[in-house]
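[1] Prediction below, plus the sequence it came from.
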Amino acid sequence: MSAAFMSLRRCCQRSALLAVAKRPWSSSPAPSPPLHTRFLLFLAQRFYDVEMLLSWGHRQKRMAIHRRNAYYGYTKNLYGADIAAAFYVLSLKGGFRYVGQSEWFRADRRGKFNWDFLNHKDTLLEEVNMSHTVINSGGLGNLEGQTSLRTLSLRGCPEVDDWFLAGLHVFQDSLKELDISHCPRITVGGLAALRNLKGLRRLDVSSLPKVSSPGLVVLLLEEMLPQCQIVATGYDHSLGQFGGGEVEGQREVREATDCVRKEGVL
Amino acid sequence: MSRWRGLQASLRAARGSLRGTQRDAWPRGHAPWSRSLSASTALRNDFFKDLETQLAAARKKASDALPGSSWSPFEANPNLPPERADIVIVGGGVVGWSIAYWLKQKERVREGVRVLVVEKDLTYSQASTVLSAGGIRQQFSLPENIHLSLASAHFMRNINEHLGVLNEDPVDLQFNHSGYLFLATEKAAHIMEENYSTQRKAGAEVSLLSPDQLRGKFPWINTDGVALASYGLQNEGWFDPWTLLNAFRRKAISMGAIQCCGEVTDFKYTTKRILTSNGDEMDLRRIKSVKVQLPGSLQYQPVECAIVVNAAGASSARLTEMLGVGYGGDAAGTQLPVEPRKRYVYVVHCPDGPGLDTPFVIDYSGVYFRREGLGGNYIAGTSPEEGEEPDASNLEVDHQFFEDKVWPSLAHRVPAFEKLKVTSAWAGFYDYNTFDQNAIIGTHPLVTNMYFATGFSGHGLQHAPAAGRSVAELILDGNFTTLDLSGLDFRRILAREPMLERNIV
């Protein structure tokens, strides 16, 4: 009797599972998405309308990012390329500093900024801070004419990917400092594109989640850019059972960068 | 009925096991429960053990009876293609699936065109796509080729916008943006400069380097004999061809394209006799149906179709032979001049070799190499001389070819490569256009509804996204709208006017 009940219960459990089938999210070990997202995707697999609405939603988000990175041609025609670049940086809630000035022009968290930057016409930008903005490779076209750009900070930008890094070759003579830490889309293929930046002296590649063997990549980068100081913190260089923790790894990398600093021409 | 009786019996058995102590109270005439000689008890016990399978079978029967199930009273082979399709694409490589994707992308109503992709080997063991080195470059001399590569690079830049499917992993092409480096001798330097200006005008980001600049940028290179070098700065590099193929295939199937594993063995066509302006008689053919034979069996399905796209790569010429075009008299000029040519790719390991910034180097002697991964591995090869083409009936690798033809030039160009070890090698086919080594895109003059997208001669992978879009425009819009590839039409083969690439090799 108990055998019959056990088998019946197993069948009922299996049919219950089939009724509420949960598709494993993806092959990556990322945490599974919240319940409402899973429910929407469950519906999307069964109804064309839901699928269409969800893809429209995604497309609208992508289009919004494209629109924010559009070419500021109108501003360029009215005020010149430099003011257009400055306006673009401020519109994306970044900050910049002109050549020869010590004052930084920034936009605050709500997007408001001081319009005094219009007073400096035809002055190139020297330092640009676009951390945590939605700049992408299309938006880089707005900064193309800036031949005196010395520092570019792209910390934590979600849209900066390998194609963006390949597009940085326009700054190959002037760029001295580049910060691309915490960018979730950068991989080794894009880091190989940094070979054109001959003037680079400081490169920050900390905490790039898609770089799988960070120690090796840092060594190869140092070989590729011999005069550049490479900062790569936030990686776990541990070998699993062979020990070695994050702190140790950081110390190794810092020692390596110290050596470069001593040997390299800065 | 018997099941209900069985259920009653099982309940009785349960009650019997509970009241085991009261067995003595039974009259002596009754046999004990466990030792009955009738056969029906055994059946009921088996049914009890098979309860799970019986319930599963009952569930399947119920779901088949409901509408929306694929049950049919006739047993049909599910692997057969449909009986009718609007467009049949012969060849399931990256070009074929790119055309299928763009056709589904450009149809204006849902299920506006029924696209069937026929591929004879779903393991892709001999397909050119997956055996390719995976490079993409804009350094060509023909503007059509430059535009095709540039458009494909722009496609791959936003590949998840184009080929992303809801609830599936995003596409990761593993694109290495390392660029191509072409080296030229003194004699060919002027050709390289002309090509440079063509490429710049078409929008490619290329730079010219003198031998000194070359040595400064890449200290591991030996600039002996090099007068000029051309280096790609953006949109050039290499990627994973299998990922691109699967991305196209997954997206096209999600939009409704149908995949069939089979081989096209025959066509049914109608013939119309026409008079040319000279008074000669020609046969105009129109394909009515395609015979798709299933692999390893005699079963076939004639698929009625309106348009056939020949994206069969190295075996494209076999299809036109089946149609019977290009035989006899003046029609000899209408044969498809595409044949398979075998090319070897060798994987070498050199621990002291060039580092992360190694581009895809192509020497003026024809030898090429590129970095593979981060572990000091490189991929190298060369095109054999015109008269020494290897036998293209199989994919066997000739290792002596590496020692004779590839290694000397490699070691001369990069001194670190004198100490290397060949770890692996493979061979793949080029769909080689013997006429002018460039793609053939367009219709055949004597077959009204066959479109060609073949003859890429080694550039199929890098041109696939843009070429697929152009063929889809040709089919659905009637003419090219984004890129003008009318120069790559079949007409140039009839008129005997080759569109040759002025390479420095």
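    That came in fine, so what should we check first? Numbers count the residues shown, from 1 in each chain, chains lettered A, B, ... in the order given.

[2] Grab the nearest non-local neighbour of the residue of the stretch 251-400 of chain B found nearest chain A.
    Residue nearest to chain A within the stretch 251-400 of chain B: residue B:357 (3.6 Å; Cβ to the nearest Cβ). For the C-beta atoms, the positions are set from N, CA and C on the backbone; glycine is no exception. In space, and not counting its chain neighbours, residue B:357 is closest to residue A:195: 3.6 Å by Cβ to Cβ, 6 or more residues apart in numbering or on different chains.

[3] ok, so what distance separates that neighbour from residue B:447?
    According to Cβ to Cβ, to the nearest Å, residue A:195 stands 49 Å off from residue B:447.

[4] Residue B:260 contacts residue B:118, correct?
    Yes: Residue B:260 is within contact range of residue B:118, at 5.0 Å (criterion: Cβ atoms under 8 Å).

[5] Just want to know which of these two has more residues nearby.
    The neighbour count for residue B:260 versus residue B:118, taken as other Cβ atoms under 10 Å in any protein chain shown, is higher for residue B:118 (26 against 23).

[6] you'd agree that one is in a strand?
    Yes: secondary structure of residue B:118 (DSSP: H, G, I helix; E, B strand; the rest coil): part of a strand.

[7] give the contact list for residue B:189.
    Neighbouring residues of residue B:189 by Cβ atoms under 8 Å, 6 or more residues apart in numbering or on different chains: B:227-228.

[8] oh, I was asking about residue B:91
    Contacts of residue B:91 by Cβ under 8 Å, 6+ apart are B:117-119, B:310-313, B:316, B:454.

[9] In a markdown table: those residues, plus distance to residue A:226 and pLDDT.
    Below are those laid out as a markdown table (distance: Cβ to Cβ, whole Å; pLDDT from 0 to 100):
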| residue | distance to residue A:226 | pLDDT |
| --- | --- | --- |
| B:117 | 50 | 97 |
| B:118 | 54 | 97 |
| B:119 | 49 | 96 |
| B:310 | 52 | 96 |
| B:311 | 47 | 96 |
| B:312 | 49 | 95 |
| B:313 | 44 | 92 |
| B:316 | 49 | 93 |
| B:454 | 47 | 95 |
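
[10] so where's chain B shaky on pLDDT?
    B:1-45, B:47, B:327-333, B:504-505 (pLDDT under 70).

[11] Within range of chain A, give me the residues from it.
    B:10, B:13-14, B:17, B:48, B:51-52, B:55-56, B:59, B:157, B:161, B:166-169, B:174-178, B:205, B:217, B:233-235, B:237, B:355-357, B:374 (Cβ under 8 Å from any Cβ of the partner chain).

[12] 6 Å - rerun?
    B:14, B:51-52, B:55, B:157, B:166-167, B:169, B:175-178, B:233-234, B:355-357, B:374 (Cβ under 6 Å from any Cβ of the partner chain).

[13] who touches residue B:135 in this structure?
    Counting by Cβ atoms under 6 Å, 6 or more residues apart in numbering or on different chains, residue B:135 touches B:238, B:360.

[14] What's opposite it in the beta bridge?
    residue B:238 (DSSP bridges).

[15] Count the neighbours of the closest residue to residue B:142 other than its chain neighbours for me.
    Distances taken as Cβ to Cβ, 6+ apart put residue B:501 closest to residue B:142, at 5.8 Å, once the chain neighbours are dropped. Neighbour count of residue B:501, defined by other Cβ under 10 Å: 16.

[16] tell me which element residue B:501 falls in.
    Assigned by DSSP states H and E, residue B:501 belongs to no helix or strand.

[17] Double-check it against residue B:139; I have them as touching.
    No: if you go by Cβ atoms under 6 Å, residue B:501 and residue B:139 don't touch, sitting 10.4 Å apart.

[18] From residue A:226, how far off is the residue nearest to residue A:228 when sequence neighbours are not counted?
    Leaving aside its chain neighbours, residue A:228 sits nearest to residue A:200 (4.7 Å; criterion: Cβ to Cβ, 6+ apart). Distance, residue A:200 to residue A:226, by Cβ to Cβ: 11 Å.

[19] So between those two, which is more surrounded?
    Taking other Cβ under 10 Å, residue A:200 and residue A:226 do not tie; residue A:200 has more neighbours (21 against 11).

[20] Quick check: that one touching residue A:227?
    No: taking Cβ under 6 Å as the definition, residue A:200 is not a contact partner of residue A:227, at 7.8 Å.

[21] How many neighbouring residues does residue A:118 have?
    11.

[22] next one: residue B:386
    For residue B:386, using other Cβ under 10 Å, the count is 6.

[23] related to what we said a few turns ago, possible to save the contacts of residue B:91 as CSV with distance to residue A:160?
    Below are the contacts of residue B:91 laid out as CSV (distance: Cβ to Cβ, whole Å):
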residue, distance to residue A:160
B:117, 36
B:118, 42
B:119, 38
B:310, 42
B:311, 36
B:312, 41
B:313, 37
B:316, 42
B:454, 39
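
[24] Who does residue B:182 form a beta bridge with?
    With DSSP bridges as the rule, residue B:182 is bridged to residue B:230, residue B:362.

[25] what helices or strands is the helix or strand hosting residue B:103 leaning on?
    Secondary structure assignment for residue B:103, by DSSP H and E: helix B:94-106. When contacts are defined as 3 or more Cβ pairs under 6 Å, 6 or more residues apart in numbering or on different chains; DSSP states H and E, helix B:94-106 sits against strand B:87-90, strand B:115-119, helix B:241-254, helix B:460-476.

[26] Now these in CSV, please, with extra columns for distance to residue B:391.
    Listed next are those as CSV, based on distance: least, Cβ to Cβ, whole Å:
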stretch, distance to residue B:391
strand B:87-90, 25
strand B:115-119, 25
helix B:241-254, 24
helix B:460-476, 22
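
[27] what's the closest of those to residue B:323?
    strand B:87-90 (11.7 Å; Cβ to Cβ).

[28] strand partners of that closest one, parallel vs antiparallel please.
    In its sheet, and by DSSP bridges, strand B:87-90 pairs with strand B:115-119 (parallel), strand B:307-310 (parallel).

[29] How far away from the center of its chain is stretch B:404-414?
    Chain-centre distance of stretch B:404-414: 31 Å, with Cα atoms, centre = their mean, to the nearest Å.
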